[in-house]
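1. Let me see the structure of the following:
(chains A and B)
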There are 2 protein chains.
Amino acid sequence: MPVTLTSVAQLAGVSVSTASRALTGHPSVQPATRTRVVEAAANLRYRPNRMAAALRTRRSGLVGLVVNNLWNATFNTVAETLQSWGAEAGWQVLVCTTGGDADREAAFLDTALDHGFDGVVVAGSGANHDRVNALLDAGTAVVTTNREVPGARAPSVVLDYRRAAQLATEHLLAAGHTRIATVSATDAVTSGREQHAGVVAALAAAGLPLLPDLVHRGPFTTEFGRAAVTALLAHPTPPTALLVTNHEAAGGVLPVLTGQGTVVPRELSVVMTEDEPFFGWWPPRLTAVDNRAAEQARTAAELLHAQLDGTAAPGPSQRLVEPVLVVRDSVGPPPR
Amino acid sequence: MPVTLTSVAQLAGVSVSTASRALTGHPSVQPATRTRVVEAAANLRYRPNRMAAALRTRRSGLVGLVVNNLWNATFNTVAETLQSWGAEAGWQVLVCTTGGDADREAAFLDTALDHGFDGVVVAGSGANHDRVNALLDAGTAVVTTNREVPGARAPSVVLDYRRAAQLATEHLLAAGHTRIATVSATDAVTSGREQHAGVVAALAAAGLPLLPDLVHRGPFTTEFGRAAVTALLAHPTPPTALLVTNHEAAGGVLPVLTGQGTVVPRELSVVMTEDEPFFGWWPPRLTAVDNRAAEQARTAAELLHAQLDGTAAPGPSQRLVEPVLVVRDSVGPPPR
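-> Residues are numbered from 1 along each chain as shown, chains lettered A, B, ... in the order given. Below is the predicted model:
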């Protein structure tokens, strides 16, 4: 059984209320008494009841993070970066994955509210603005990241997705490609909308049209990536370059390229987005746009910390994180 | 502000204590009164204070999971499998990563104790048996998995690591290899100890000695993998096959093979352990031993559930999960 305050008080020879005041630093307690109580607590390895303390002080020491999954490098980088911040800053960061399911996300946000979490970072479905606002109303610090949550009043940190797709497209254009295929997300999410706009903008700046039959937009699944690249490789006039902005679909694109023996970049130039370690291990090493997930997480932690400290300016705000092109070996000139 | 029980009682026109009894199903409350209170609670979207309820009932609805990191596929598979179980079974599973740091793990286990988590799954450092036992003493359900926690009284679920390394080694022996190099973990952890023993046993069964200068054992880091494979490739008589049982080191091994242009399997056969999706995307697709992380997690959930239900047999126990060899394209005959 856990050691109680009563045992500490008994060992120190004081009342329970004196023991409590001594441990919380109340000025009415004599220094000698305080020393006796602190020593008794140390000897008994007393741990204050944090649930009761949380009820009293409205500070639980807990920060929640909700992500869609943990196998995507962006999400696990955000999780590890926030947990390292928490270890430094004195918060226990607890992670929930939802498979992108808005209901499971809502259940987690309710848990965070019910258990008095001090803060929550949402890198999730993009839904649940009502839960986000309910947490803010209850005095919980909230930051959204990776995807916008329309209607939420929390500050957000997201990648400049449009710029990311522009950087990648410009890199392919510079190598001489004009038949550029994309495997991307739909307009239903910020990243899909913005990255598509970035591709269109870069092509337009080069005086090139978007080629609709080389554009594949769909869900965040490997199955979609597999189907999209299979269709592209079977096209009567195949693309000379491929830009994969739907990160989860990459897990379908790469095995099809491997399986069909497509020689990258001689037959097809490839640019990925959301850089992750194994893109640099692939033969050939894959050129990618880095979405700087750790930087997003550090910025989110900073915005959260300001709310936890009470130093944040009120109201919603948006921070855009600047992407970086990481040039490796998967882009070459178009085949003759 | 959250809606309080007082507001519910006012709307229903009853006392706070009657409202409380009505919502907890106390038999002394008249059905008509109960209906009025339940409707008032629904109209006000009342949520009972779960922290106070947890103090009263000693049931928080929370299950913790501690893992070393989230980028290793084993850990993120365990996390996602347990969170799916939780979503089904009615527990919120909260994940903590520690970077393998035993002190951060201890801090999380203290948080789980302090906040009255109902259960904890430990897939972590292998240290902290005292914290595991303290949780068990406090009535918390605990299961350890992935790595043994010596001295802990919780049931454990681990891979049959010895068998995993034996399977991989036998597969290389069957292809004709006798100069088999290993990049593995040290004797300080179960997996390192058992997998090394499995390699030695498979070689001995084939009448072959272990070749000490082809054995590289070290920490779970990409740097170690990089250094080990660089040394192996520079060996005056290089190995014809490589078995990587230190999974984190794989992130150092693969980029060196790519960087040096090593042709797999013509110049070097390769077998990995802890299969993960991208091993099947690699050109050539990498043969690997699957540690069945999802099966480990499902078994852990089952053992945890039995404790949460109060149907578990008391005392420690060990379940071994059987590994499976996944044959792909990275093993061939030794070069002449």
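2. quick one: residue A:279 and residue A:271 touch, right?
-> No. Under the criterion of C-beta atoms under 8 Å, residue A:279 is not in contact with residue A:271, lying 10.2 Å apart. Where you see a C-beta, it was placed from the backbone N, CA and C, and this is true even at glycine.
3. Between the two, tell me which one has more neighbours.
-> Shown here are residue A:279 and residue A:271; by other C-beta atoms under 10 Å in any protein chain shown, residue A:271 has more neighbours (30 against 23).
4. Overlap of the contact sets of residue A:279 and residue A:271?
-> A:286, A:288 (C-beta atoms under 8 Å, 6 or more residues apart in numbering or on different chains).
5. which parts of the stretch 51-200 of chain A sit against chain B?
-> A:51-52, A:54-55, A:60-62, A:64, A:69-71, A:73, A:75-77, A:79-80, A:83-84, A:87, A:92-99, A:104, A:107-108, A:110-111, A:113-116, A:137-138 (C-beta under 8 Å from any C-beta of the partner chain).
6. If you average the pLDDT over stretch A:296-312, what comes out?
-> The pLDDT scores in stretch A:296-312 average 93.
7. same question, stretch A:71-89
-> 91.
8. go on, stretch A:321-335?
-> 97.
9. start to end distance for it?
-> 35 Å (C-alpha to C-alpha, to the nearest Å).
10. Among the residues of the stretch 51-200 of chain A next to chain B, name the buried ones.
-> A:51, A:54-55, A:60-62, A:64, A:69-71, A:73, A:75-77, A:79-80, A:83-84, A:87, A:92-98, A:104, A:107-108, A:110-111, A:113-116 (16 or more other C-beta atoms under 10 Å in any protein chain shown).
11. Among the residues you listed, which lie within helices?
-> A:51, A:54-55, A:73, A:75-77, A:79-80, A:83-84, A:87, A:104, A:107-108, A:110-111, A:113-114 (DSSP state H).
12. Check residue A:285 and give its pLDDT.
-> 92.
13. ok, for it, nearest residue in space, not its chain neighbours?
-> residue A:328 (3.8 Å; C-beta to C-beta, 6 or more residues apart in numbering or on different chains).
14. Please apply the same query to residue A:256.
-> residue A:229 (4.7 Å).
15. Enumerate every residue touching that neighbour.
-> By C-beta under 8 Å, 6+ apart, the neighbours of residue A:229 are A:183, A:242, A:252, A:253, A:256, A:257.
16. Could you find which two of those are furthest from each other?
-> For the contacts of residue A:229, the farthest-apart pair by C-beta to C-beta is A:242 and A:252; their separation is 12.4 Å.
17. Looking at the two, which has the bigger crowd around it?
-> Just comparing residue A:242 and residue A:252: by other C-beta under 10 Å the higher neighbour count belongs to residue A:242, 29 against 22.
18. dump the residue contacts of residue A:176.
-> Residue A:176 neighbours (C-beta under 8 Å, 6+ apart): A:333, A:334.
19. For it, pull up the helix or strand it's in.
-> Assessed by DSSP states H and E, residue A:176 sits outside every helix and strand.
20. And it, how far from residue A:271?
-> 14 Å (C-beta to C-beta, to the nearest Å).
21. same deal with residue A:153?
-> 36 Å.
22. Pretty sure the residue nearest to residue A:285 sits against residue A:283.
-> No. With contact defined as C-beta under 8 Å, residue A:328 does not reach residue A:283; the gap is 10.8 Å.
23. of the two, who's got more company?
-> Counted by other C-beta under 10 Å, residue A:328 and residue A:283 do not tie: residue A:283 has more neighbours, with 21 against 16.
24. ok now do that one, which residues does it touch?
-> B:257, B:258, B:282, B:283.
25. please redo it, this time with the cut-off set to 6 Å
-> residue B:258 (C-beta atoms under 6 Å, 6 or more residues apart in numbering or on different chains).
26. Let me know the secondary structure of it.
-> Secondary structure for residue A:283, judged by DSSP: H, G, I helix; E, B strand; the rest coil, is coil.
27. Please pull out the lowest mean pLDDT helix or strand from chain A.
-> Taking mean pLDDT, DSSP states H and E as the measure, helix A:50-57 is the helix or strand of chain A with the lowest mean score, a mean of 50.
28. quick one: low-confidence parts of chain A?
-> Within chain A, the ranges that satisfy pLDDT under 70 run A:1-3, A:24-27, A:47-58.
29. Strands of that one, start to end?
-> With strands called from DSSP state E, chain A shows them at A:62-67, A:92-97, A:119-123, A:141-145, A:156-159, A:180-184, A:215-217, A:241-244, A:269-273, A:287-290, A:318-321, A:324-326.
30. Residue B:15: which of these is closest?
-> Going by C-beta to C-beta, the one of those nearest residue B:15 is strand A:62-67, 33.5 Å.
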